[in-house]
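*Asks:* Fold the following, please.
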Amino acid sequence: MIAGFNTDVEHNGTVYHVQTEDKGLSTHMIVSLVYDRGTILASKRTTYDDLTAGQFDEKALAERVARQHKLICAALRAGRLDELKKMSGRPAVQPSVAAAIPVAESTAVVAETLAPVGVPVGDHRTLAPEAPPIELPETDDPFADAPIIEEVIVLDDIDLLPLDAVEVVTELAGRERPRDTKLKLVLIGETRFKGGDHISLNLMVCRGSDQKVVPGAQIMVKILGSAFRPVIFHARSDSNGMAQIHMQVPRFNAGRAALLVRAIADGEEVEARRLVSPG
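*Replies:* All right, here's what the predicted structure looks like:
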């Protein structure tokens, strides 16, 4: 199976989530789904029977998955969601010669409304329907190359200088420290994340070096795993830039999983990722 793509696309203040994946050689189908807060707004299904007629070309399949995903994202950015909804019921068959796939061939539209979101404290859990397990990219352990201390040597009789004999001079001495206005996402009191745990995630959305709070920021939390379907939570920051999300991490005993937190405000977005251990 070819690994798929997950992308958030913002248009007119609404963040749509686009997921495109290969359903496997048993179905010969590439499926794209467009979500809005857990509701499927549109889908596109394209067959690739022509690639399995002879020797299977996995590279060509990967290119088609990527092309279909980019076309759906481009259509959303151009405000063509209504066209994706209207063009339903048409089976999209992939031609033998690779060509640009018109976005207007999007098919079945499914509406499945879940709990509404719009309160500062989000506690709404959304399960993405029919979404197969997502293959997570390999994440490097930041402590993998840390040296192992096998022996400690204690040195005695060290002559210490008096405090007034030492002057600390930095490269920034006499200069104004650099400032920025970038959007920032702070996980407050974060702990380890483990499968099956009930947790309350406390977040703060702020901006710049002085951490000016950002109220009304859109916040999305996704828990992705290779052994379970994605779980999505939504919330908005309050007048103090704070948000609290109560959630349950899916239980799993094998594979990899990660927690992704994303905040969007004034057309700018920032995200943080954390590993989730099996449990």
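
*Asks:* Report how many residues lie close to Tyr48.
*Replies:* Using other C-beta atoms under 10 Å, the number of residues around Tyr48 comes to 22. Just so you know, the C-beta spots here come from the backbone N, C-alpha and C atoms, and that holds for glycine as well.

*Asks:* Tell me the spacing between it and Glu83.
*Replies:* Relative to Glu83, Tyr48 is positioned 23 Å away (C-beta to C-beta, to the nearest Å).

*Asks:* Give me the neighbour count for Gln19.
*Replies:* 23.

*Asks:* how much space between it and Val205?
*Replies:* 25 Å.

*Asks:* cool, Gly79 as well?
*Replies:* From Gly79 to Val205 the distance is 27 Å (C-beta to C-beta).

*Asks:* between those two, which one's more packed in?
*Replies:* Taking other C-beta under 10 Å, Gly79 and Val205 do not tie; Val205 has more neighbours (27 against 10).

*Asks:* That one touches Gly216, doesn't it?
*Replies:* No. Counting by C-beta atoms under 8 Å, Val205 sits too far from Gly216 to count as a contact (9.1 Å).

*Asks:* shared neighbours of the two, which are they?
*Replies:* Shared contacts of Val205 and Gly216, defined by C-beta atoms under 8 Å, 6 or more residues apart in numbering, are found at Ser237, Ala265.

*Asks:* Compute the number of surrounding residues for the closest residue to Glu21 other than its chain neighbours.
*Replies:* With C-beta to C-beta, 6 or more residues apart in numbering as the criterion, Glu21 has its nearest non-adjacent residue at 3.0 Å, and that residue is Gly4. Per other C-beta under 10 Å, the neighbour tally for Gly4 reads 20.

*Asks:* nearest spatial neighbour of Lys194, skipping sequence neighbours?
*Replies:* Here the residue nearest Lys194, using C-beta to C-beta, 6+ apart, is Gly279, at 4.0 Å.

*Asks:* Let me see the contact set for that neighbour.
*Replies:* Lys194, Gly195, Gly196, Asp197, Val249, Arg251, Phe252, Asn253.

*Asks:* can you do 7 Å?
*Replies:* Listed by C-beta atoms under 7 Å, 6 or more residues apart in numbering, the contact set of Gly279 reads Lys194, Gly195, Gly196, Asp197, Arg251.

*Asks:* Please pick the buried ones from those residues.
*Replies:* The neighbour count (16 or more other C-beta atoms under 10 Å) marks Gly195, Asp197 as buried among the contacts of Gly279.

*Asks:* which intervals of the stretch 51-200 of the chain have sub-threshold pLDDT?
*Replies:* Applying pLDDT under 70 to the stretch 51-200 of the chain picks out residues 87-178, 190-191.

*Asks:* and Val65, that's in a helix?
*Replies:* Yes. Counting by DSSP: H, G, I helix; E, B strand; the rest coil, Val65 is part of a helix.

*Asks:* Please tell me how far it sits from Asp49.
*Replies:* Taking C-beta to C-beta, one finds Val65 at 15 Å from Asp49.

*Asks:* Repeat that for Asn202.
*Replies:* 50 Å.

*Asks:* Between these two, which is the more surrounded one?
*Replies:* More neighbours surround Asn202 than the other of Asn202 and Asp49, with 14 against 11 (other C-beta under 10 Å).

*Asks:* and the gap between the nearest residue to the more buried one once chain neighbours are set aside and Asp197?
*Replies:* Using C-beta to C-beta, 6+ apart and skipping residues adjacent in sequence, the residue nearest Asn202 is Ile188, 4.2 Å away. Counting by C-beta to C-beta, the gap from Ile188 to Asp197 is 17 Å.

*Asks:* any idea of the pLDDT on Thr39?
*Replies:* With respect to pLDDT, Thr39 has a value of 88.

*Asks:* Please name the bridge partners of it.
*Replies:* Asp36 (DSSP bridges).

*Asks:* Could you do Leu203 as well?
*Replies:* Leu187, Ala243.

*Asks:* Likewise for Leu183?
*Replies:* Beta-bridge partners, per DSSP bridges, of Leu183: Arg207.

*Asks:* Could you tell me which residues make contact with it?
*Replies:* Leu183 neighbours (C-beta under 7 Å, 6+ apart): Arg207, Val214, Ala263, Ala265, Glu268, Val270.
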